[in-house]
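**Student:** Structure here, sequence nowhere to be found:
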């Protein structure tokens with residue numbers, strides 16, 4: 001079955017960096033675009049970044065442009081999110097997402113807290 005497992009969340013000070021990983025299984029990873037979403041407390045879920053199946057095309061939320069980088073390793077079935085210059089407003093649960101034949105699949109999420 002489809003599984004998405006996020007790794008790498010934690011507590012970081014403002015201005016710091018974190019790298020999140022999503023390990024995927026149960027589907028042909030290199031056929032599909034992958035996306036990171038986040039949900040901050042009391043807010044709607046927000047698309048953070050997405051990457052095409054080949055990695056050649058990416059999309060970003062305006063709030064993270066220039067600070068976050070999305071990449072993928074199709075040999076390892078992983079997609080990562082490098083987050084730099086973190087701000088308190090980046091505090092959220094971050095989710096890995098894939099859509100397969102009209103169905104939505106989500107990871108369990110990983111908490112990122114940016115605080116001094």
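**Tutor:** Okay, I see it. Computed from a predicted structure; not experimentally measured.

**Student:** Give me the helices and strands touching the lowest-mean-pLDDT helix or strand in the chain, please.
**Tutor:** Within the chain, no helix or strand scores below strand 58-60, which has a mean of 93 by mean pLDDT, DSSP states H and E. Judged by 3 or more CB pairs under 8 Å, 6 or more residues apart in numbering; DSSP states H and E, strand 58-60 is in contact with strand 46-51, strand 68-73. The way it works is simple: take the backbone N, C-alpha and C, and place the C-beta from them, glycine included.

**Student:** What are the contacting residues of it?
**Tutor:** Residues outside strand 58-60 that contact it (CB atoms under 8 Å, 6 or more residues apart in numbering): 47-52, 68, 70.

**Student:** Distance from the chain centre to it, please.
**Tutor:** Relative to its chain's centre, strand 58-60 lies at 11 Å (CA atoms, centre = their mean, to the nearest Å).

**Student:** dump the residue contacts of the residue sitting nearest the centre point of the chain.
**Tutor:** Closest to where the C-alpha atoms of the chain average out (CA atoms, centre = their mean) is residue 36, at 3.0 Å. Going by CB under 8 Å, 6+ apart, residue 36 touches 20, 22, 47-50, 70, 79, 81, 94-97.
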